[in-house]
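>>> Predicted model, plus sequence, below.
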Amino acid sequence: MSEETIPALPDRLSVNPDSPFYDEAILQRNVGVRFKGQDKTNVEEYCVSEGWVRLSVGASKDRHGNPLTMKLQGPVEPYFREG
């Protein structure tokens with residue numbers, strides 16, 4: 001039986017296709033982010049080595065149509081969700 005190898009998650013990942021840290025193949029695998037011990041569903045970008053996440057703030061958009069975000073500092077744990 002062949003085992004499927006799970007690729008390691010990158011140090012930094014973004015959901016914005018215009019970002020250099022965007023990776024569609026990894027995002028399709030259902031990535032979850034735990035920030036300060038809590039699962040977050042509104043993460044726009046994260047960086048493990050620098051210890052921060054960018055969270056979208058409500059449904060507000062900036063003048064370019066991108067979601068408004070706020071950057072929070074703390075321990076970041078990305079993982080692949082089951083299913």
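Sure thing, it's come through.
>>> I'd like to know how many residues surround L27.
Using other C-beta atoms under 10 Å, L27 has 13 neighbouring residues. All C-beta atoms are positioned from the backbone trio N, CA, C, and that covers glycine.
>>> next one: V33
Counted with other C-beta under 10 Å, V33 comes out at 21.
>>> Name every strand pairing with the lengthiest strand in the chain and say which way it goes.
Across the chain, the longest stretch assigned as strand under DSSP state E is strand 52-61. Partner strands and pairing direction for strand 52-61 (DSSP bridges) are strand 43-47 (antiparallel), strand 67-73 (antiparallel).
>>> Buried residues in the last one, which are they?
What that stands for is strand 67-73. With burial defined by 16 or more other C-beta atoms under 10 Å, the residues of strand 67-73 counted as buried are 67, 69.
>>> Kindly report the same for stretch 38-55.
43-48, 52-55.
>>> and that stretch, C-alpha only, in PDB?
Backbone C-alpha positions of stretch 38-55 (Å, rounded to 0.1, in the frame of the first residue of the first chain) are rendered in PDB as follows:
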ATOM      1  CA  GLN A  38      -8.000  28.900  19.500                       C
ATOM      2  CA  ASP A  39      -9.100  27.800  16.000                       C
ATOM      3  CA  LYS A  40      -9.500  30.900  13.800                       C
ATOM      4  CA  THR A  41     -11.700  30.800  10.700                       C
ATOM      5  CA  ASN A  42     -11.000  34.400   9.500                       C
ATOM      6  CA  VAL A  43      -7.300  34.300   8.900                       C
ATOM      7  CA  GLU A  44      -6.100  36.100   5.800                       C
ATOM      8  CA  GLU A  45      -2.400  35.500   6.300                       C
ATOM      9  CA  TYR A  46      -0.100  34.000   8.900                       C
ATOM     10  CA  CYS A  47       3.700  33.800   9.600                       C
ATOM     11  CA  VAL A  48       4.900  31.200  12.100                       C
ATOM     12  CA  SER A  49       8.500  32.400  12.500                       C
ATOM     13  CA  GLU A  50       7.500  36.000  13.200                       C
ATOM     14  CA  GLY A  51       4.400  34.900  15.300                       C
ATOM     15  CA  TRP A  52       1.600  36.900  13.800                       C
ATOM     16  CA  VAL A  53      -1.700  36.500  11.900                       C
ATOM     17  CA  ARG A  54      -3.800  38.900   9.800                       C
ATOM     18  CA  LEU A  55      -7.500  38.500  10.600                       C
END
